[in-house]
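J.: return atomic coordinates for the entry below.
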Amino acid sequence: MKISYKSDYALKAVLDLALCYEGREPVSIHDTAKRIDAPVKFLEQIFSGLKSHGIIESRRGSSGGYLLAKPPEKITVGEIIRLIEGPTEPISCVKQDYAGCEEMYTCVFRNIWKDIHHATSRVIDHVNFRDLAIQYDSIRNVATFSI
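T.: Below you'll find the model as predicted:
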């Protein structure tokens, strides 16, 4: 599975909003763009998709911005990747309803592709943004410690 820049920015943006979740205050898209080093225009496109799928919500006004629409522990990395990239199967024949190949059930490679898909899904579907925020804070606190 290859992750595009769009998915990378989407994941980083959701993490940024997860890090700000406790205060439940909207975050400016410009602030998020600066923190994750993303172009604002590109982030606007990403936020539009995240908003239409119920991942984030927006608030208008002088203190407006974006925030997560649900708790970060309810949002997985897999959900964001699939939203941006589409299905995560490495090849079409792994899809549940695929019927486009005459050798589908005798192909020696199909089980490999299925194993890759299941292993990838196990990882990305069990990592949520609350855990990532905790991990991020932990790494940041260790990295900034000095004597």
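
J.: show me where this protein has strands.
T.: 56-59, 65-68 (DSSP state E).

J.: can you lay out the ones you listed as CSV showing mean neighbour count and mean pLDDT?
T.: (Each C-beta comes from the backbone N, C-alpha and C, glycine too.) Below are the strands of the chain laid out as CSV (neighbours: other CB atoms under 10 Å; pLDDT from 0 to 100):
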stretch, mean neighbour count, mean pLDDT
strand 56-59, 16, 96
strand 65-68, 20, 96
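
J.: of the ones you listed, which is nearest Tyr98?
T.: strand 56-59 (32.3 Å; CB to CB).

J.: can I get that closest one in PDB? Just the C-alpha atoms.
T.: Provided in PDB are the C-alpha atoms of strand 56-59 (Å, rounded to 0.1, in the frame of the first residue of the first chain):
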ATOM      1  CA  ILE A  56     -14.400  16.900  11.500                       C
ATOM      2  CA  GLU A  57     -16.800  19.800  11.900                       C
ATOM      3  CA  SER A  58     -16.300  23.500  11.400                       C
ATOM      4  CA  ARG A  59     -17.400  26.500  13.400                       C
END
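
J.: chain center to it: distance?
T.: A distance of 17 Å separates the centroid of the chain from that of strand 56-59, by CA atoms, centre = their mean, to the nearest Å.

J.: and that strand, which strands flank it?
T.: strand 65-68 (antiparallel) (DSSP bridges).

J.: just the residues contacting the strand it pairs with, thanks.
T.: Strand 65-68 is contacted from outside by 14, 17-18, 20-21, 24-29, 31-32, 47, 51, 55-59, 75, 129, using CB atoms under 8 Å, 6 or more residues apart in numbering.

J.: put the buried members of those residues into a PyMOL selection.
T.: To isolate the buried ones among the contacts of strand 65-68 in PyMOL, judged by 16 or more other CB atoms under 10 Å, type:
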select buried, resi 14+17+18+20+21+26+27+29+32+47+55+56+75+129
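
J.: for Gly61, see how far away the closest residue to Tyr98 other than its chain neighbours is.
T.: Once flanking residues are discounted, Tyr98 sits nearest to Ser92: 5.5 Å by CB to CB, 6 or more residues apart in numbering. Here Ser92 is placed at a distance of 46 Å from Gly61 (CB to CB, to the nearest Å).
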